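> Got a predicted structure here, sequence first:
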Amino acid sequence: MTAAALLAPAPALAARATPLPRLDLVLIGARGQVGSALRQRLARQHARIAALTGLDLRLLAAFDRRGFAFDLAGLEPERLGDALQPRRDEDLQALFSHLARPNATPTLVIDCTASEEIAERYPDWLASGLGIVTANKRANARDLAFYRTLRERASASAVPYRFETTVGAAIPLLGPLRDLSLRGERVVSIQGVLSGSLSFLLERLHAGVSFSDALSEAQALGYTEPDPGEDLRAEDLTRKLLVLAREAGFDLEPQQVDVTPFSESAAAHPSSWRDRLAIEDATWAARIATAKAQRQRWVIVAEVDRDGARVALRTVPDTSPFATLPAGQNLVRIETELQGERPLWLGGPGAGPEITAAGVLSDVIDAAAELAARRYGESRRRIALA
Ligand SMILES: NC(=O)c1ccc[n+]([C@@H]2O[C@H](COP(=O)([O-])OP(=O)(O)OC[C@H]3O[C@@H](n4cnc5c(N)ncnc54)[C@H](OP(=O)(O)O)[C@@H]3O)[C@@H](O)[C@H]2O)c1
């Protein structure tokens, strides 16, 4: 099937006299786990998305560190391999100059990398009128000044900036937090088991699997970051806590989070922690045996309250809701001024490329509708749930 055929409006929509307005997508991290799952979803759900948004969404460009593809007519999302060419230094400059020209088609950049270099570019992209949807939490976890700049630029350019999947993958967490703040309800504290990879590791450790085998399993299932040392130093979890806490109204700098790493070797020897897996195996076997004897369970909790923010590796009674979570699940407890005695609990799968891609697609549809409403007029804000 050609790109034009694949991306053509659904028959019912095609029957209309006027073609659907176009909205372009640029996908970064196109062959990664989340990027690949997202491409499949874009291909499968094109007609549904057209019906929901009233828009002709086209994949204008896609790239990763190695390859680059750009087609004004639109790329075939599920057959990108055929279109990707080795990436040249000048490719990105040419693409972003094209996107920045006056009266350019409204465009969303979708970041499915874990790249700091890509996150650094968000302020410029937002300022040039591009909307951003991201699964990459790095931008929101940088210093507070950068975090505020992102919001200011998005607001000044009237473009969407969406990042729901950066915490809790597809669990709606950031949306409900924003709703609480719209109601004027102050969040008093948040506690969460938020790392899909670390809660999976703990579940396997409590099941008697060695630390090194549990880590291999987590990697094989795609639960860890591209560099699993980041999970083990709790860097990724710290970033999630920063994103969540800031969205809840806590103004935190990264260095204000007190962090206990999951693996002391990974924290103390970042470049050679794999050589010390046998030590971690023994440490964890002893920890688990002691906890079991005391009817306790190890958890790694990210929390923020009036006293500060911390990522804490500790034991809790084995009946605690945080202790009884199935592998790979996330759970968050949110206490507000109104919901003190009966806090809000939100939970679900906290990792996995498919559910993350589904969450990214939801952000893309929402952001596309918002961007189109701003560029083509309010009548386009229809998410036509007919
Ligand atoms: N996997 C999950 O379950 C999950 C859940 C929630 C959130 N996320 C987030 O989603 C993002 C992607 O995760 P993933 O599991 O899909 O990672 P992944 O499989 O390692 O894919 C990363 C992709 O990013 C590309 N990339 C890296 N640096 C780049 C750069 N500077 N410029 C262009 N492309 C670059 C890589 O390209 P090359 O191959 O060419 O290096 C690769 O295509 C991460 O931020 C992660 O935290 C993932």
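That came through fine.
> Between the two ends of stretch 183-199, how far is it?
Using CA to CA, to the nearest Å, the span of stretch 183-199 from its first residue to its last is 32 Å.
> quick one: buried residues of that stretch?
Of the residues in stretch 183-199, 187-199 count as buried by neighbour count, 16 or more other CB atoms under 10 Å. The way it works is simple: take the backbone N, C-alpha and C, and place the C-beta from them, glycine included.
> Count residues in the vicinity of P226, would you?
If you count neighbours by other CB atoms under 10 Å, P226 ends up with 12.
> ignore the last one, L55
For L55, using other CB under 10 Å, the count is 23.
> and it, what does it touch?
L20, P21, R22, L23, I49, A368, A369, A372, R380 (CB atoms under 8 Å, 6 or more residues apart in numbering).
> before we move on, what about L23?
For L23, the contact set (CB under 8 Å, 6+ apart) comprises T53, L55, D56, L57, R58, T105, P106, T107, L108, A368, L371, A372.
> Return the nearest residue of this protein with respect to the ligand.
With CB to the nearest ligand atom, the shortest gap between the chain and the ligand falls at G32, namely 2.1 Å.
> Surely that residue and C112 touch.
Yes - counting by CB atoms under 8 Å, G32 touches C112, with 5.5 Å between them.
> The two: who's more crowded?
Counting neighbours by other CB under 10 Å for G32 and for C112 shows that C112 has the greater number, 30 against 19.
> The more buried one contacts A30, correct?
Yes - taking contacts as CB under 8 Å, C112 lies within contact range of A30: 7.5 Å.
> what residues does this protein put near the ligand?
28-29, 31-35, 63-66, 112-115, 117-118, 135-136, 165, 169, 222, 225-226, 351-353, 356 (CB under 6 Å from any ligand atom).
> Where strands are concerned, which of the residues you listed count?
The strands, defined by DSSP state E, take in I28, F63 from the residues of the chain next to the ligand.
> Next step: the residues of the chain next to the ligand restricted to helices.
Q33, V34, G35, E117, I118, P353, T356 (DSSP state H).
> Now pLDDT, distance to S210 and neighbour count too, for those residues, in a markdown table please.
A markdown table is the format used below for these (pLDDT from 0 to 100; distance: CB to CB, whole Å; neighbours: other CB atoms under 10 Å):
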| residue | pLDDT | distance to S210 | neighbour count |
| --- | --- | --- | --- |
| Q33 | 92 | 25 | 16 |
| V34 | 96 | 29 | 26 |
| G35 | 98 | 32 | 24 |
| E117 | 97 | 36 | 9 |
| I118 | 98 | 36 | 20 |
| P353 | 91 | 26 | 20 |
| T356 | 94 | 28 | 25 |
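> Those into JSON lines, with extra columns for distance to P321?
Shown next, in JSON lines, are those (distance: CB to CB, whole Å):
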{"residue": "Q33", "distance to P321": "29"}
{"residue": "V34", "distance to P321": "28"}
{"residue": "G35", "distance to P321": "34"}
{"residue": "E117", "distance to P321": "39"}
{"residue": "I118", "distance to P321": "36"}
{"residue": "P353", "distance to P321": "27"}
{"residue": "T356", "distance to P321": "24"}
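> which one of the residues you listed sits closest to R342?
Distances from R342 to these, taken as CB to CB, are shortest for T356 (30.2 Å).
> pretty sure the closest one contacts A135?
Yes - assessed by CB under 8 Å, T356 is found in contact with A135 at 5.8 Å.
> Quickly list what's touching both of these two.
Common neighbours of T356 and A135 (CB under 8 Å, 6+ apart) are V34, T165.
> rewinding a little: how about the ones in helices among the residues of the chain next to the ligand, which pair is most distant?
It's E117 and P353 that sit farthest apart of these, by CB to CB, at 21.7 Å.
> And the strands in the stretch 151-300 of the chain?
Applying DSSP state E, counting those that start in this stretch to the stretch 151-300 of the chain gives strands spanning 161-162, 187-193, 257-259, 296-305.
> CSV for these, including mean pLDDT?
Formatted as CSV, those follow (pLDDT from 0 to 100):
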stretch, mean pLDDT
strand 161-162, 98
strand 187-193, 96
strand 257-259, 97
strand 296-305, 97
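> can you list the ones you listed in TSV and add distance to A218?
Shown next, in TSV, are the strands of the stretch 151-300 of the chain (distance: least, CB to CB, whole Å):
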stretch	distance to A218
strand 161-162	27
strand 187-193	15
strand 257-259	20
strand 296-305	13
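> quick one, domains of this structure?
Domain assignment for the chain, taken from automatic domain parsing, gives 3-169+354-380, 174-350.
> first to last residue in the last one, what's the distance?
When the termini of domain 174-350 are compared using CA to CA, they are 13 Å apart.
> dump the residue contacts of L252.
By CB under 8 Å, 6+ apart, the neighbours of L252 are L144, L242, A245, R246, V304, A309.
> doesn't N140 make contact with the fourth one?
Yes - with contact defined as CB under 8 Å, R246 reaches N140; the gap is 6.9 Å.
> which residues do those two both contact?
Residues touching both R246 and N140 (CB under 8 Å, 6+ apart): Y147.
> Please say which of the two ends up with more neighbours.
Using other CB under 10 Å as the criterion, R246 and N140 rank with N140 on top: 25 against 20.
> correct me, but that one touches F163?
Yes - between N140 and F163 there is a contact at 6.1 Å, judged by CB under 8 Å.
> from the buried residues of stretch 183-199, which single one is nearest I279?
Relative to I279, and with distances defined as CB to CB, the nearest of those is L198, at 18.4 Å.
> so the closest one makes contact with A234?
Yes - the pair formed by L198 and A234 meets the contact definition of CB under 8 Å, at 7.5 Å.
> shared neighbours of the two, which are they?
F262, I300.
> Can you report phi and psi for A327?
Backbone torsions of A327, given as degrees, to the nearest 10, read phi -60, psi 140.
> number of nearby residues for it?
Residues near A327, counting by other CB under 10 Å: 19.
> per-residue pLDDT, it?
A327 is assigned a predicted lDDT (pLDDT) of 76.
> My read is that it contacts L205, right?
No - using CB under 8 Å as the test, A327 is too far from L205 to be in contact (10.6 Å).
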